[in-house]
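Q: What would the 3D arrangement of this be:
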Amino acid sequence: MIITSITHDTHARERSQRPQAALGPLLSIAAAAMFGLGASVSKVALTSGIQPVRLTALRCTGAALVLFVYILVRRPSLLRIRRVDLPMLIVLGLTGAALVQYLFFTAIDRLPVGIALLLEFTAPFLIAAYSRLVLRYPSNRRSAVAIGLGLGGLALVAKVWTDTGLDPIGVAAGFGASACLAAFLMIGKNALDTHHPLTLSFWMFSVAAVFWAIAAPWWHFDPSSVTRNASLLGAFGGISLPVWTSVLWVILFGTLVPYALELVSLQYLTPTVKGVTGMSEPLIAAAIAWAWLGQSLDGIQLVGVAVTIVGIAAIQTTQIAEVRSPRVCD
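A: This next block holds a predicted model:
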């Protein structure tokens with residue numbers, strides 16, 4: 001009877017866990033879809049005349065204000081930090097919000113959305129290179145193959161044997177965003193061991209907001225740039241809305257909501273699955289940009305995108321395995 005009862009309870013628990021197991025990937029893909037959609041919405045705002053630096057300032061400042069109100073109402077203690085943490089938070093704010101977003105907006109302003117995101121998502125390769133060359137972690141065949149796939153895929157996307165007309169500033173900005181993202185991921189991983197994600201997020205965006213308030217003072221901002229109407233471009237070119245609607249979307253549904261979905265999905269996903277599902281973002285972003293903005297890639301470039309994403313997924317799972325290994329120190 002006891003064995004039967006235990007077996008019955010086990011089966012019931014497994015049945016109850018199945019919906020949760022499916023929920024994790026769905027939430028992660030939903031977050032990737034919202035980030036991808038946000039990239040096209042950002043393209044609309046940029047095309048309307050808002051400069052990348054101003055859209056970055058609006059995004060960071062808006063996110064910081066919303067987070068401040070939310071934390072103040074729900075859990076004010078999360079706003080407190082130690083003075084010793086300020087240098088780390090400043091670096092996180094600069095790499096994870098101020099510069100990575102500015103460079104990404106610069107990239108999508110000059111490149112197809114899918115290519116810009118793909119360049120930014122090469123951050124795991126930079127982390128792998130840093131681990132091997134600076135930290136002297138042992139190399140392995142899987143990492144070498146993953147890096148080879150990534151570089152080969154990027155070469156196909158860029159069609160290096162021809163003049164594809166890719167804007168060099170846009171490409172440089174995309175790789176710059178990748179470098180900032182890599183730094184943010186490495187620093188943020190350790191910071192999450194001792195800080196709540198909401199604390200890090202609020203201070204990260206706050207640092208970025210202060211940085212851009214100094215680098216691009218608000219008295220140079222023309223409010224009429226967000227109150228005028230602008231076309232939604234592409235498939236929705238016949239529709240015009242105030243520019244502030246696209247900016248608000250970027251802040252809420254292109255930043256805060258997908259970030260919240262990411263946090264919830266982590267409760268149901270292993271790091272490996274999370275890394276793989278996260279790779280759907282460039283694909284979703286490219287699909288949305290194709291359907292909405294008419295941005296398309298040719299067959300060779302699509303193969304390059306697929307090869308690069310396989311390489312990124314492979315290098316991420318390799319790094320996760322290494323982090324779990326007792327031979328590697330965090």
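Q: For Tyr70, which residues are in contact?
A: Contact criterion Cβ atoms under 8 Å, 6 or more residues apart in numbering gives Leu198 as the residues in contact with Tyr70. For the C-beta atoms, the positions are set from N, CA and C on the backbone; glycine is no exception.
Q: Tell me how far the closest residue to Ala235 other than its chain neighbours lies from Ala31.
A: Here the nearest residue to Ala235 in space, its sequence neighbours aside, is Trp292; by Cβ to Cβ, 6 or more residues apart in numbering that works out to 5.4 Å. From Trp292 over to Ala31 the distance is 19 Å, taken as Cβ to Cβ, to the nearest Å.
Q: next one: Ala182
A: According to Cβ to Cβ, Ala182 and Ala31 sit 20 Å apart.
Q: One more: Ile288?
A: 14 Å.
Q: quick revisit: what are the buried residues along the helix or strand encompassing the residue nearest to Ala235?
A: Of the helices and strands defined by DSSP states H and E, Trp292 is found in helix 280-293. Of the residues in helix 280-293, those buried under the neighbour-count criterion (16 or more other Cβ atoms under 10 Å) are Ser280, Glu281, Pro282, Leu283, Ile284, Ala285, Ala286, Ile288, Ala289, Trp290, Trp292, Leu293.
Q: Can you add distance to Ile239 and give the residues you listed back as CSV?
A: Conversion of the buried residues of helix 280-293 to CSV gives the following (distance: Cβ to Cβ, whole Å):
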residue, distance to Ile239
Ser280, 28
Glu281, 26
Pro282, 26
Leu283, 26
Ile284, 22
Ala285, 21
Ala286, 22
Ile288, 16
Ala289, 17
Trp290, 19
Trp292, 11
Leu293, 14
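Q: Pick the one among the residues you listed closest to Gly152.
A: Nearest to Gly152 among the buried residues of helix 280-293, counting by Cβ to Cβ, is Pro282 at 16.2 Å.
Q: From Thr61, how far out is that closest one?
A: For Pro282, the distance to Thr61 equals 27 Å [Cβ to Cβ].
Q: With Val134 instead?
A: 34 Å.
Q: Next, the contact list for the residue nearest to Ala235, please.
A: For Trp292, the contact set (Cβ under 8 Å, 6+ apart) comprises Ser40, Leu233, Gly234, Ala235, Phe236.
Q: neighbours around Trp249, how many?
A: The criterion is other Cβ atoms under 10 Å. On that basis, Trp249 has 20 neighbouring residues.
Q: So it sits against Gly38, correct?
A: Yes. With the criterion set as Cβ atoms under 8 Å, Trp249 and Gly38 qualify as a contacting pair; they are 7.1 Å apart.
Q: any idea how far Leu86 lies from Trp203?
A: According to Cβ to Cβ, Leu86 and Trp203 sit 9 Å apart.
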